[in-house]
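> Sequence plus predicted model, see below.
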Amino acid sequence: MRDLLPGTRDVLLVVDIQNDFCPGGGLSVPRGDEVVPIVNRLALDFAHVVLTQDWHPHGHLSFASAHPGAKPFETIEVSYGTQVLWPDHCVQGTRGAAFRDDLKIPHAELVLRKGYHREIDSYSAFYENDRKTMTGLGGYLRERGFERVFLAGLAFDFCVRYSAEDAHKEGFTAIVIEDACRAIDIAGSAAATRALFETLGIRCAASREIEMA
């Protein structure tokens, strides 16, 4: 497990630990609040931490409410492919879009907002869902000299999944800390995520492996 010891070229990417993704929020991830103490503890082992924040304008394309007659979790076809329609969530400036009050990572070096393009949804911390519009995170990490990206947060089978996949695509070693994530699990999406990670060689680790490294 010594290979999981965080070093100067490693960064912890904490994905979307916001009120709307936790119990009582607009798009609650089951037991999403349980990751907060794990992530807080993990962050103490990392000198470098980046936080992502879903940041949608009112009437975002991905909201079911923006499509008359549509219901949450239905799908539609848009210019970049199939889009899941979500309940309104993480609207800019709202309490739901704010980070959890109990998320305590004062040494985080960057807060990356995503999903603010009205006509494009955003799961990955690296690319919007059109797979062309970049967030700039890849360039930031490369310029900082990072080599490994450890991922934690919400949700395992959407924003964490796509962020890990794109970190790998961008040439970083991606390591997902699975017990520091929770899944929405739509139609087997959690199992599909694990299968994808295995295919790509993306490692899933437990928080204790890092804390004991």
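Sure, I can see it.

> Please make it C-alpha for all contacts and neighbour counts, starting now.
Fine.

> mind checking the longest strand of this protein?
Taking DSSP state E as the assignment, the strand of the chain that covers the most residues is strand 173-182.

> okay, and for the protein, where does confidence drop off?
Applying pLDDT under 70 to the chain picks out residues 1, 213.

> which stretches of it form helices?
35-43, 137-144, 159-169, 189-200, 207-211 (DSSP state H).

> Of these, give the one that comes closest to I120.
helix 159-169 (14.3 Å; CA to CA).

> so how far is the closest one from its chain's centroid?
8 Å (CA atoms, centre = their mean, to the nearest Å).

> do the same with stretch 203-213
19 Å.

> Which parts of that stretch count as buried, going by neighbours?
203-205, 207, 210 (16 or more other CA atoms under 10 Å).

> Make JSON lines out of these and add distance to L42.
Output for the buried residues of stretch 203-213, formatted as JSON lines (distance: CA to CA, whole Å):
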{"residue": "R203", "distance to L42": "17"}
{"residue": "C204", "distance to L42": "15"}
{"residue": "A205", "distance to L42": "12"}
{"residue": "S207", "distance to L42": "7"}
{"residue": "I210", "distance to L42": "8"}
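
> from these, which is closest to N19?
Once CA to CA is applied, the member of the buried residues of stretch 203-213 that ends up nearest N19 is S207, at 22.6 Å.

> Spatially, which residue comes closest to the closest one, not counting chain neighbours?
I177 (6.0 Å; CA to CA, 6 or more residues apart in numbering).

> Is that neighbour in contact with R208, as I believe?
No. With contact defined as CA atoms under 8 Å, I177 does not count as touching R208 (9.5 Å).

> gap between the residue nearest to F99 when sequence neighbours are not counted and R148?
What sits nearest to F99 in space, not counting adjacent residues and going by CA to CA, 6+ apart, is Q18, at 4.2 Å. Applying CA to CA, to the nearest Å, the value for Q18 to R148 is 24 Å.

> what do you get for V160?
Distance from V160 to R148, by CA to CA: 15 Å.

> ditto for Y140
13 Å.

> who's more crowded, the two?
More crowded of Y140 and R148, by other CA atoms under 10 Å: R148, with 22 against 12.

> and that one, what does it touch?
When contacts are counted by CA atoms under 8 Å, 6 or more residues apart in numbering, R148 touches 9-11, 172-175.

> Just give me the neighbour total for A98.
19.

> Hmm, it is touching D16, no?
No. In this structure A98 lies outside contact range of D16 using CA under 8 Å: 9.4 Å.

> Once you drop chain neighbours, what's closest to G145?
Nearest to G145 is R9, by CA to CA, 6+ apart, at 6.3 Å.

> what's that neighbour in contact with, if anything?
Per CA under 8 Å, 6+ apart, neighbours of R9: 145-148.

> distance of it from D102?
27 Å.
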